[in-house]
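[1] I need the structure of the sequence given here:
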Amino acid sequence: MQKIDFSSDSLPAHLSDRDRFRLWRDMWMEQLGAAEIRHAEDKPFATATKMRFLGDLRVGLFETTTEYYVRTRKHVANDRDEIFVGFYRSPKPQVWSVADCDLSLQRGNAIAYNIAQPCSSFTDGVTSWVLASVPRTWLLRQVPHADDRPATRLDPANPAVRHLERTIDFLIHADEVDEEQALSRQAGTALADLIVLALGGNGEVAEIAASRGLRAARLREAIAVIEARFADPALSTDMVARAVGLSRRYLNTLLLESGRTFAERVLELRLQKACAMLSDIRNDAMKVSDIALAAGFNDVSYFNRRFRARFSASPTQYRGG
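    I've put the predicted structure just below:
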């Protein structure tokens, strides 16, 4: 997965704010799309961009102190033909005007936007978005009405919209996706499926997308909860199911399809934590029983048996090397 990370901290420090802004604009116009951009003169110039490319799809984080952003017919004439799905993150509203549509976006709002449409926006403060882009021609084959309007608000109550935002966040920071091409392709497929569902795909297309993208997103959320809370001895499938808004039966099905049951996944996480603690010389003063408790085991005998079965040594032997 190709990636780009950039911030204004990378610009020459000796330049004025105005010159830093101009340099950034010239460097980034190809990625951002041709436009007239004006910096907020009463604020120090700052910007940060992260982009991840998954085949023809992109995800990104974009923050800047620019105030005005205007794309005219001349700008869009030879630009990319994509549809953006964006989630607005700024504390102050952003005012959009595109075609005959005026929008006032607040933090948490989400829109789909045809980049081939002239538009203008104004923000009194820092502009902040997380975005995904998809080729328009591909998307229209899946969702023929996706560009019926130049800009469309997305329904935050739609589970696909919520999962899409979380998936974009995950992919922006998921360096592990870079490590295997097959994983990158799978991530791109899940992202595309969620975009189709968020933009109102229906029929067979929606069924396929739901079976892949939405299930993958729900599984990732459940695993994230397990990984964050596995050291709690009271952790249960009921607790995880409530945290992600699923039934226990559906959660167990998702985990089983992933190759590990809830109990297997939690046990491995606890054993790996205990192993790491036993290997750390800073924990030499801790009793094995205390390490077992810290890793989420409330039965030391059970911990000893499972540890030996997993690592072919007792915890005490493992600690002694």
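
[2] most centrally placed residue in this protein?
    Nearest to the geometric centre of the chain sits residue 169, at 1.8 Å (C-alpha atoms, centre = their mean).

[3] could you dump the strand or helix carrying it to PDB, C-alpha only?
    For residue 169, the element it lies in under DSSP states H and E is helix 159-173. The C-alpha trace of helix 159-173 is given here as PDB (Å, rounded to 0.1, in the frame of the first residue of the first chain):
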ATOM      1  CA  PRO A 159     -24.400   1.300  10.200                       C
ATOM      2  CA  ALA A 160     -22.400   1.300   7.000                       C
ATOM      3  CA  VAL A 161     -21.600   5.000   7.300                       C
ATOM      4  CA  ARG A 162     -20.400   4.500  10.900                       C
ATOM      5  CA  HIS A 163     -18.300   1.500  10.000                       C
ATOM      6  CA  LEU A 164     -16.900   3.400   6.900                       C
ATOM      7  CA  GLU A 165     -15.600   6.200   9.100                       C
ATOM      8  CA  ARG A 166     -14.000   3.800  11.500                       C
ATOM      9  CA  THR A 167     -12.500   1.800   8.600                       C
ATOM     10  CA  ILE A 168     -11.000   4.900   7.000                       C
ATOM     11  CA  ASP A 169      -9.500   5.800  10.400                       C
ATOM     12  CA  PHE A 170      -8.100   2.300  10.700                       C
ATOM     13  CA  LEU A 171      -6.600   2.200   7.300                       C
ATOM     14  CA  ILE A 172      -5.000   5.600   7.600                       C
ATOM     15  CA  HIS A 173      -2.900   4.400  10.500                       C
END
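
[4] past it, which element shows up next along the chain?
    Note on helix 159-173: by DSSP H and E, the next helix or strand toward the C-terminus is helix 181-198.

[5] and that next one, which residues are buried?
    The neighbour-count check on helix 181-198 (16 or more other C-beta atoms under 10 Å) flags 184, 187-198 as buried. The C-beta positions use only the backbone N, C-alpha and C, and glycine is treated the same way.

[6] could you do stretch 11-29 as well?
    11, 17, 20-21, 24-25, 28.

[7] residues in contact with that stretch?
    For stretch 11-29, the surrounding residues in contact (C-beta atoms under 8 Å, 6 or more residues apart in numbering) are 6, 8, 35, 37, 39, 44-45, 47, 49, 66.

[8] could you dump it to CSV, C-alpha only?
    The C-alpha coordinates for stretch 11-29 follow below in CSV (Å, rounded to 0.1, in the frame of the first residue of the first chain):
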residue,chain,number,x,y,z
LEU,A,11,8.7,22.9,5.2
PRO,A,12,11.8,25.2,5.6
ALA,A,13,11.6,27.0,8.9
HIS,A,14,13.2,30.2,7.6
LEU,A,15,10.3,30.9,5.3
SER,A,16,7.5,33.2,6.2
ASP,A,17,4.0,31.8,6.7
ARG,A,18,2.9,33.1,3.4
ASP,A,19,5.8,31.5,1.6
ARG,A,20,5.4,28.2,3.4
PHE,A,21,1.8,28.2,2.4
ARG,A,22,2.6,28.9,-1.3
LEU,A,23,5.3,26.2,-1.3
TRP,A,24,2.8,23.7,0.2
ARG,A,25,0.1,24.6,-2.3
ASP,A,26,2.5,24.1,-5.2
MET,A,27,3.7,20.8,-3.9
TRP,A,28,0.2,19.4,-3.1
MET,A,29,-2.0,20.7,-5.8
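
[9] what average pLDDT does that stretch get?
    Taken as a whole, stretch 11-29 carries a mean pLDDT of 85.

[10] what separation do you get for residue 157 and residue 168?
    Distance of residue 157 to residue 168, given as C-beta to C-beta, to the nearest Å: 18 Å.

[11] what about these two, which has more around it?
    Taking neighbours as other C-beta atoms under 10 Å, residue 157 and residue 168 compare with residue 168 leading, 23 against 7.

[12] packing partners for the helix holding residue 169?
    Where contact means 3 or more C-beta pairs under 8 Å, 6 or more residues apart in numbering; DSSP states H and E, helix 159-173 is packed against strand 47-54, strand 57-64, strand 82-88, strand 127-135, helix 181-198, helix 215-229.
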